[in-house]
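# next one to model:
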Amino acid sequence: MGILRHLRELWQYRELIRNLVVRDLKVRYKSSIFGIAWSWLNPLLMMVVYTIFFTVFLPNDIPHYPVLLLSGLLPWNFFNDSVFQATASIVGNAHLIKKVYFPREVLPISTVLSNLVNFLVALPVFFALVFVSGAPLTWWALLLPITILIQVAFTIGLTLFLTTLNVFFRDTQIILGVIMLAWFFLTPVFYPIEIVPQEKTVLGVTFNAQLWLRRLNPMASIIASYRDLLYRGAPTGLDFLLRTAVTALAVLVVGYLVFLRYSPRFGEEV
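Numbers count the residues shown, from 1 in each chain. As a prediction, this is how the structure comes out:
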């Protein structure tokens, strides 16, 4: 019942969350020449760099490679930026934590939601690229909100846990840089998951590397779902929806419970 009470209180502060999202978006592009256009330019510039590298220096025969790349890069950028920014949200707003009462989870949640808005603003660039390149796009893309919702739930749960950890152990942000870099390479962002071998032997043990990558790395499954809907024009398997949705929900619940358990001590720790 305690978590329901916190959820009701969080709903009462929904206007604060909206204001923080708007503030974050304004601050992000304040005094910027291109303003919100950076939401389009940043992924496009990264796409150009990766495309040149993997088509000129390391040639591949993947059709419409820029489309495949951007379909994984946009959701990864959303996840990566959310994790880094939300993890520092409590410590970075210590002056508010000590002076004003509000549900502390408002800060990391609003950070994730502002990055979600940034992600949605960047999506038209992807669809424009699909149109220009002539890549196929099917009606299965209409299921995109389901995958986005699963990613949002997973990201909020993870950031609530990391935010709590960062309050008590400031090394968290430093270590996070290494972890996220490794996570990036273990997630099929700039390569299709199909190139991961289905049969791999390590220390005498043979296993399906592709299958276990998706099972142990929720972001691998989430990126693969974006690829299914936006690049391959096929429905995401029901096993993904069930397994990854359950994983995302479990991470959300555990992350929120950990956050609620330690949030009363934030004021004295920051």
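# worst-scoring helix or strand of the chain, pLDDT-wise?
Of all helical and strand segments in the chain, the minimum by mean pLDDT, DSSP states H and E falls on helix 38-52, at a mean of 75.
# helix or strand right after that helix?
Once the chain leaves helix 38-52, the next helix or strand it forms, by DSSP states H and E, is helix 65-87.
# relative to helix 38-52, how tilted is that following helix?
Relative orientation of helix 65-87 versus helix 38-52 (axes from the mean of the first three to the mean of the last three Cα atoms, to 10 degrees): 130 degrees.
# export the strand or helix carrying Trp11 to CSV, keeping only CA atoms.
In this assignment (DSSP H and E), Trp11 forms part of helix 2-12. Provided in CSV are the C-alpha atoms of helix 2-12 (Å, rounded to 0.1, in the frame of the first residue of the first chain):
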residue,chain,number,x,y,z
GLY,A,2,3.0,2.3,0.6
ILE,A,3,4.0,2.3,-3.0
LEU,A,4,0.4,3.2,-4.1
ARG,A,5,0.5,6.2,-1.7
HIS,A,6,3.7,7.4,-3.3
LEU,A,7,2.3,6.9,-6.8
ARG,A,8,-0.7,9.0,-5.8
GLU,A,9,1.5,11.7,-4.4
LEU,A,10,3.7,11.6,-7.6
TRP,A,11,0.5,12.1,-9.7
GLN,A,12,-0.3,15.1,-7.6
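# in the strand or helix carrying Phe131, what's buried?
Taking DSSP H and E as the criterion, Phe131 maps to helix 106-133. Counting neighbours by 16 or more other Cβ atoms under 10 Å, one finds that the buried residues in helix 106-133 are 106-119, 122-123, 125-126, 129-130. In this view, the C-beta of every residue, glycine as well, is placed from N, C-alpha and C.
# likewise for stretch 10-18?
Using 16+ other Cβ under 10 Å as the test for burial, stretch 10-18 gives 10, 13, 17.
# now the terminal residues of that stretch, how far apart.
One end of stretch 10-18 sits 12 Å from the other (Cα to Cα, to the nearest Å).
# for stretch 53-72, same thing?
End to end - Cα to Cα - stretch 53-72 spans 16 Å.
# what mean pLDDT does it have?
In this model, stretch 53-72 has a mean pLDDT of 82.
# what does stretch 95-115 give?
Mean predicted lDDT for stretch 95-115 stands at 92.
# using CSV, write out every CA atom in it.
What follows is stretch 95-115, C-alpha atoms only, in CSV (Å, rounded to 0.1, in the frame of the first residue of the first chain):
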residue,chain,number,x,y,z
HIS,A,95,20.0,23.0,-3.2
LEU,A,96,16.4,22.0,-4.0
ILE,A,97,16.6,18.7,-2.0
LYS,A,98,17.6,20.6,1.1
LYS,A,99,15.1,23.5,0.9
VAL,A,100,11.9,22.3,-0.7
TYR,A,101,9.7,19.3,-0.2
PHE,A,102,8.6,17.3,-3.3
PRO,A,103,8.7,13.6,-4.2
ARG,A,104,12.4,13.1,-5.0
GLU,A,105,11.7,10.7,-7.8
VAL,A,106,10.4,13.7,-9.8
LEU,A,107,13.9,14.7,-10.7
PRO,A,108,15.2,11.5,-12.4
ILE,A,109,11.7,10.8,-13.9
SER,A,110,11.5,14.3,-15.4
THR,A,111,15.0,13.9,-16.8
VAL,A,112,14.1,10.6,-18.6
LEU,A,113,10.9,12.2,-19.9
SER,A,114,12.8,15.2,-21.3
ASN,A,115,15.1,12.9,-23.2
